[in-house]
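*Asks:* here are the coordinates; sequence isn't available:
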């Protein structure tokens, strides 16, 4: 009995050991399979992540204004492009990003155009390594961006991408980014099938607005010169621009302008006065028929706190009527009308013509007669503003459409320096005026973006190292940890 009991106990012990060994082997086998599957999954996830981030913009922008992302307006437009668009940045990618934090933001924005549209290609070209390419483009500098489609192209500079201000001690510096506005507008310009046609009036010793013409051409306007004294005004002209004529036009010229505005719908005349103009009786009478009077004096700011560059003729302007500001990107940036002549409305409504004030000077401005400007120190203000600096006069037709004259008291507001300045919104304002009056389609307005904090600016080498760590280092660490657990459990 004792032997039988001992034998049974021995058999039971053997079976128990075999069961434990089998169970341990199964556990180790399952652990190994699980570890391998986890490693395979990690590798697949990393490979898939690299592919997706390379093909689709899945980065997460945690900034409050989403400064590193495209707005829905831009995404919607480029996703529906039907023509191929090329974006060429004339420097290396590393050099572009190394130019500062705002260039890092612009880089992030620019690269998304290619990712959101199959029609867009992005290329960085180092002109220092490829100097022969510079000869293929006119006036292209290192760092410029060329946006092209078919036989149409537009070149963007740093002043197009950013709002730049001049500092007293540190020179020019970037205050905000308008990279998305510039890029999307350029894409619209080179892919648009239609153009608004503008004519600059000549023949009366006018000022030719070179900077304004360049601004219009960069924004998909066709600009031609028109001399109404020697030719008819072309019927396909949508907008006429008349900048500070010195010679009084004859009645034949004014009749052509009147016919252009009165016999056609949706036509516009932009008129810019200047303090250097003499008395022009026929032209002034023509404007008064449209309810606009140009006064023979200068607007001067009496409050030193509102004066710009220590010049009393140079101050900010107030937008009185927002009817023509719908497509401005940032209405908070000040507008200026330097060396302006005050305007006045002759009437508010007269038959089919109505007038409204668009821009005004501040309440602390005054007007100084031309003859008193030589003795400014002894001049005493007699009346204070605000004074009208821009007036819209509309002629209404029976079908509800209109033609209009928009008169401005300052031709200096079209100067190259003001139109290219990020400190003033003159360029933005005038583009909005023309976009609204000509009913342009495919016009986009995107707010400038300010970097409130520090972004993670990574160069190509840093991006490669981070990617390498996720593709190789993380799986190796995981494999090592799994092997450690397997060995520990095997020897347990």
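*Replies:* In hand now; what should we look at? Worth saying up front: this structure is predicted, and the values here are computed from it rather than measured.

*Asks:* Please make it C-alpha for all contacts and neighbour counts, starting now.
*Replies:* Noted.

*Asks:* So which residues make contact with stretch 235-253?
*Replies:* 196-202, 204-209, 228-229, 266-274, 277-278, 280-283, 411, 438 (C-alpha atoms under 8 Å, 6 or more residues apart in numbering).

*Asks:* hmm, try it at 7 Å
*Replies:* 196-201, 204-208, 228-229, 267-274, 277-278, 280, 282-283, 411 (C-alpha atoms under 7 Å, 6 or more residues apart in numbering).

*Asks:* buried sites along it?
*Replies:* 237-246, 248-249, 253 (16 or more other C-alpha atoms under 10 Å).

*Asks:* Which members of the residues you listed occur in strands, if any?
*Replies:* 239-243 (DSSP state E).

*Asks:* Export the residues you listed as a markdown table, with columns for distance to residue 319.
*Replies:* Output for these, formatted as a markdown table (distance: C-alpha to C-alpha, whole Å):
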| residue | distance to residue 319 |
| --- | --- |
| 239 | 22 |
| 240 | 23 |
| 241 | 21 |
| 242 | 22 |
| 243 | 21 |
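
*Asks:* List the residue ranges of the stretch 301-450 of the chain that fall below the pLDDT cut-off.
*Replies:* 375, 447 (pLDDT under 70).

*Asks:* burial count for residue 369?
*Replies:* 12 (other C-alpha atoms under 10 Å).

*Asks:* quick one, phi psi at the closest residue to it other than its chain neighbours?
*Replies:* Of all residues not flanking residue 369 in the chain, residue 297 sits nearest, at 4.5 Å (C-alpha to C-alpha, 6 or more residues apart in numbering). The phi and psi values for residue 297, taken as degrees, to the nearest 10, are phi -160, psi 180.

*Asks:* now residue 297: how far from residue 485?
*Replies:* Noted for residue 297: a distance of 90 Å to residue 485, by C-alpha to C-alpha, to the nearest Å.

*Asks:* okay, the two: which has more neighbours?
*Replies:* residue 297 (21 against 15).

*Asks:* Could I get the full set of helices for the protein?
*Replies:* 2-55, 72-79, 93-97, 101-116, 131-134, 158-161, 179-191, 210-218, 251-262, 281-289, 416-419, 426-437, 460-468, 474-490 (DSSP state H).

*Asks:* Can you name the residues in contact with the last one?
*Replies:* Read that as helix 474-490. Helix 474-490 is contacted from outside by 28, 35, 39, 42-43, using C-alpha under 7 Å, 6+ apart.

*Asks:* out of the helices of the chain, which comes closest to residue 320?
*Replies:* Among the helices of the chain, helix 426-437 comes nearest to residue 320, with 13.0 Å by C-alpha to C-alpha.

*Asks:* How many neighbouring residues does residue 358 have?
*Replies:* Neighbours of residue 358 (other C-alpha under 10 Å): 21.

*Asks:* Same check on residue 116?
*Replies:* Around residue 116 there are 19 residues (other C-alpha under 10 Å).

*Asks:* How about the contacts made by the closest residue to residue 227 other than its chain neighbours?
*Replies:* Nearest residue to residue 227 in three dimensions, chain neighbours excluded: residue 202, at 4.9 Å (C-alpha to C-alpha, 6+ apart). Contact analysis of residue 202 by C-alpha under 7 Å, 6+ apart lists 225-227.

*Asks:* go again using 8 Å as the cut-off
*Replies:* Counting by C-alpha under 8 Å, 6+ apart, residue 202 has contacts 225-228, 242.

*Asks:* Just the buried ones among these, please.
*Replies:* Among the contacts of residue 202, those scoring as buried are 226, 228, 242 (criterion: 16+ other C-alpha under 10 Å).

*Asks:* if I read this right, the first one contacts residue 197, doesn't it?
*Replies:* No: taking C-alpha atoms under 8 Å as the contact criterion, residue 226 and residue 197 are not neighbours in contact, 11.6 Å apart.

*Asks:* Out of the contacts of residue 202, list just those in strands.
*Replies:* Counting by DSSP E, the contacts of residue 202 contribute 225-226, 242 to strands.

*Asks:* least confident pick among the contacts of helix 474-490?
*Replies:* For the contacts of helix 474-490, the least confident position by pLDDT is residue 28, scoring 62.

*Asks:* Quick check: the residue nearest the centre of the chain vs residue 330, distance?
*Replies:* In the chain, the residue lying closest to the centroid (C-alpha atoms, centre = their mean) is residue 181, at 2.4 Å. Using C-alpha to C-alpha, we find residue 181 at a distance of 11 Å from residue 330.

*Asks:* For the stretch 1-150 of the chain, which residues score under the pLDDT cut-off?
*Replies:* 1-32, 49-66, 134-135, 137-138.

*Asks:* okay, now residue 334: neighbour count?
*Replies:* For residue 334, using other C-alpha under 10 Å, the count is 16.

*Asks:* Contacts only, for it.
*Replies:* Counted by C-alpha under 8 Å, 6+ apart, residue 334 has contacts 316-317, 423-425.

*Asks:* Now the two most distant members of the residues you listed.
*Replies:* Top of the distance list for the contacts of residue 334 (C-alpha to C-alpha): 317 and 423, 13.1 Å.

*Asks:* wait, doesn't residue 154 sit right on residue 218?
*Replies:* Yes: under the criterion of C-alpha under 8 Å, residue 154 lies in contact with residue 218, with a separation of 6.5 Å.

*Asks:* any common contacting residues for the two?
*Replies:* By C-alpha under 8 Å, 6+ apart, residue 154 and residue 218 have these common neighbours: 186, 189.

*Asks:* Against residue 343, how distant is residue 360?
*Replies:* 9 Å.

*Asks:* Please enumerate the shared neighbours of those two.
*Replies:* Joint contacts of residue 360 and residue 343 (C-alpha under 8 Å, 6+ apart) are 387-390.

*Asks:* What's the local residue count around residue 351?
*Replies:* Residue 351 is flanked by 7 other residues according to other C-alpha under 10 Å.

*Asks:* ugh, wrong one, I meant residue 158
*Replies:* 16.

*Asks:* and the residue lying closest to it once chain neighbours are set aside, what is it in contact with?
*Replies:* Once flanking residues are discounted, residue 158 sits nearest to residue 144: 7.1 Å by C-alpha to C-alpha, 6+ apart. By C-alpha under 8 Å, 6+ apart, the contact set of residue 144 is 89-91, 155-158.

*Asks:* Tell me where the stretch 351-492 of the chain has strands.
*Replies:* Counting by DSSP state E, counting those that start in this stretch, the stretch 351-492 of the chain has these strands, from start to end: 353-360, 365-369, 388-396, 402-408.

*Asks:* okay, those strands in a markdown table with distance to residue 304 next?
*Replies:* A markdown table is the format used below for these (distance: least, C-alpha to C-alpha, whole Å):
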| stretch | distance to residue 304 |
| --- | --- |
| strand 353-360 | 18 |
| strand 365-369 | 11 |
| strand 388-396 | 20 |
| strand 402-408 | 24 |
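
*Asks:* Any idea which of the ones you listed gets closest to residue 78?
*Replies:* Nearest of these (C-alpha to C-alpha): strand 402-408, 32.7 Å.

*Asks:* Run through who's touching that closest one.
*Replies:* 261-262, 264-273, 290, 292, 343, 389-396.

*Asks:* let's see it at 7 Å
*Replies:* 261, 265-273, 389-396.

*Asks:* now do stretch 411-418
*Replies:* 209, 211-212, 243-244, 272-274, 336-339, 424, 426.

*Asks:* Could you list the buried residues of that stretch?
*Replies:* For stretch 411-418, by 16+ other C-alpha under 10 Å, it's 411-416, 418.

*Asks:* Looking at these, spot the one nearest residue 175.
*Replies:* Ranked by distance to residue 175 (C-alpha to C-alpha), the buried residues of stretch 411-418 are led by residue 418 at 16.2 Å.
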